[in-house]
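sequence first, then the predicted structure, then my questions.
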Amino acid sequence: MTISVLGISGSPHRHGNTETLLDSFLDGAKAAGAEVEKVILKDLDYSPCRGCNACHKTGECVVKDDAIALFEKVLKCDCLAIASPIYTMGITAELKGFIDRGQYLWARKFIFKTLYFTDDHIKRHKGLFVSTAGQNRDNVFDGAFPAITAIFNGTGFEYYDNIIANNMDEYKGIKNHPTALKDANDKGQKVVRVIEKLNIPG
Amino acid sequence: MPIKVLAFAGSPRRNGNSETLLDWVLAAMAKDPDVLIEKIPLTEANINPCKGCNACQKLNKCVQRDGMDSVHDKIIEADIIVLAAPIFCMGIAAQAKMLIDRAQVFTSRKYVLKLPVVPVERKGKRLGVFLSTAGQNWSYVFDAAIPSVKCFYNVIEVKDKDISYLMVNHVDEKGAILNHPTAKAEAEELGAAVIAEIKKRLAA
């Protein structure tokens, strides 16, 4: 069975550092035989969560837009790579807006108990966070990890790895980083092989 | 001279827990006759996300024309800036993150163009207040929001030590904060304390 890898780019500008890093990861996954798709959040039509909690009563989101279709796609893929640059010590508002919309899945898991992921399912579904930051501080990604953890937990993925590179301002772009793009490509190849191995019956 | 308080209600839910907390703080501030309060619900502010184009590094202004135009000026004029926002999915709600990211124009002004953000006589005097609520009862539920909030205040010339925080967890459904044992009293105390401090600073 072909492994499916979904990359979601949460950057407002196209082909920047973060999307380029995501591309390297997806290229690696493709080279290892995976079926790869990339979704650009800024091209979708969706609004942030309204916090209305209607989903706590129905398990459905009252807002019908592209966010719901994307969550359906997320639930079907084997590997999910979520990409966002760091803005103001956190993920972009576009990505946060999408992640927050997953509240209806939280309601299905914890209120209705109609959505459940076995430990085995979680093990076979790998999530990676792809990010770049201009700042060279080591802690620049810390504010991003909890929301990424939240979406992986909510959609049944093991938070498998980070593909992150800081200090972009000094490097003048990801293309000048000594190792990041190759590391991302290697990680793309590796994760596909790891999932393939886990999917062998017995 | 009136004391200008600019408050952002950053929740998509109107009159929910974080906005109630904000209203308590503002009501305590309003007891002082010198205080002039403007509350902006971000649901009505028409502020788009930052495009990450970095044009502000050269232009000293944002290329987007939206609600941020007037909010930008109000941020500069305020003595106290209050931001209230709930935690969704372990981070600050996307609506508030939009405002925070649009402060990039101040980052460019301060660190790239090295121009003043506020007039020199007001630098170091401004105060910030961050109010938040979260449904989860985990103590660390606010941790990921704080670095972004500090960054926001830093670039609009409010120092780390001049930011006050009141963050209330374990309030989820609308109105839950009304049953919280201490939140209202703490909010009122905070509102009064921040006004007392700004008066001291402005008189100095």
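Perfect, thanks for sending it.

can you list the residues of chain B near chain A?
B:11-13, B:16, B:49-53, B:86, B:88-95, B:97-98, B:100-101, B:103-104, B:143-148, B:150-152, B:172-174 (CB under 8 Å from any CB of the partner chain). Backbone N, C-alpha and C define where each C-beta goes, glycine included.

taking those residues one by one, which sit in helices?
In this view, the residues of chain B next to chain A that belong to helices under DSSP state H are B:94-95, B:97-98, B:100-101, B:104, B:145-148, B:150-152.

doesn't residue A:36 make contact with residue A:191?
No - contact criterion CB atoms under 8 Å: residue A:191 and residue A:36 do not qualify, at 11.8 Å.

which neighbours do those two share?
A:5, A:29 (CB atoms under 8 Å, 6 or more residues apart in numbering or on different chains).

grab the nearest non-local neighbour of the spatially most central residue of chain A.
With distances taken as CA atoms, centre = their mean, the residue of chain A nearest its centroid is residue A:82 (2.0 Å). With sequence-adjacent residues excluded and distances taken as CB to CB, 6 or more residues apart in numbering or on different chains, residue A:82 is closest to residue A:8, at 5.2 Å.

isn't there a strand covering that neighbour?
Yes - the assignment for residue A:8 is a strand, going by DSSP: H, G, I helix; E, B strand; the rest coil.

separation between residue A:46 and residue A:101?
Per CB to CB, to the nearest Å, residue A:46 is found 7 Å from residue A:101.

no wait, residue B:167
Using CB to CB, residue B:167 is found at 24 Å from residue A:101.

low pLDDT regions in chain A?
Along chain A, segments meeting pLDDT under 70 span A:202.

quick check: beta-bridge partners of the residue nearest to residue A:82?
Going by DSSP bridges, residue A:8 is paired in beta bridges with residue A:39, residue A:82.

what comes up buried for the strand or helix carrying residue A:73?
Element membership of residue A:73, judged by DSSP states H and E, is helix A:66-76. By 16 or more other CB atoms under 10 Å in any protein chain shown, the buried positions in helix A:66-76 come out as A:66-68, A:70-71, A:74-75.

could you dump those to CSV with distance to chain B?
Listed next are the buried residues of helix A:66-76 as CSV, based on distance: CB to the nearest CB, whole Å:
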residue, distance to chain B
A:66, 15
A:67, 11
A:68, 16
A:70, 15
A:71, 13
A:74, 14
A:75, 16
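
in a markdown table, list these along with distance to residue A:22.
Shown next, in a markdown table, are these (distance: CB to CB, whole Å):
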| residue | distance to residue A:22 |
| --- | --- |
| A:66 | 19 |
| A:67 | 19 |
| A:68 | 23 |
| A:70 | 15 |
| A:71 | 19 |
| A:74 | 15 |
| A:75 | 20 |
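
give me the neighbour count for residue B:189.
15 (other CB atoms under 10 Å in any protein chain shown).

and the one 10 residues further on, by the same measure?
As a burial measure, the neighbour count of residue B:199 was computed by other CB under 10 Å and equals 15.

same thing with residue B:135?
18.

so it, which state does it fall into?
Going by three-state DSSP: residue B:135 is coil.

now it. Nearest residue, chain neighbours left out?
residue B:172 (3.3 Å).

tell me the contacts of residue A:158?
Residue A:158 neighbours (CB under 8 Å, 6+ apart): A:122-123, A:125-127, A:152.

tell me what it is bridged to.
Residues in beta-bridge contact with residue A:158 (DSSP bridges): residue A:126.

for the residue nearest to residue B:62 when sequence neighbours are not counted, give its distance to residue B:67.
Counting by CB to CB, 6+ apart, residue B:105 is the residue found nearest to residue B:62 once chain neighbours are left out, at 4.9 Å. Per CB to CB, residue B:105 is found 14 Å from residue B:67.

who's more crowded, those two?
residue B:105 (23 against 17).

the strands in chain A, which residues?
A:4-9, A:35-40, A:79-83, A:126-132, A:158-165 (DSSP state E).

now the ones you listed as a markdown table including distance to residue B:21?
Output for these, formatted as a markdown table (distance: least, CB to CB, whole Å):
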| stretch | distance to residue B:21 |
| --- | --- |
| strand A:4-9 | 33 |
| strand A:35-40 | 36 |
| strand A:79-83 | 31 |
| strand A:126-132 | 31 |
| strand A:158-165 | 32 |
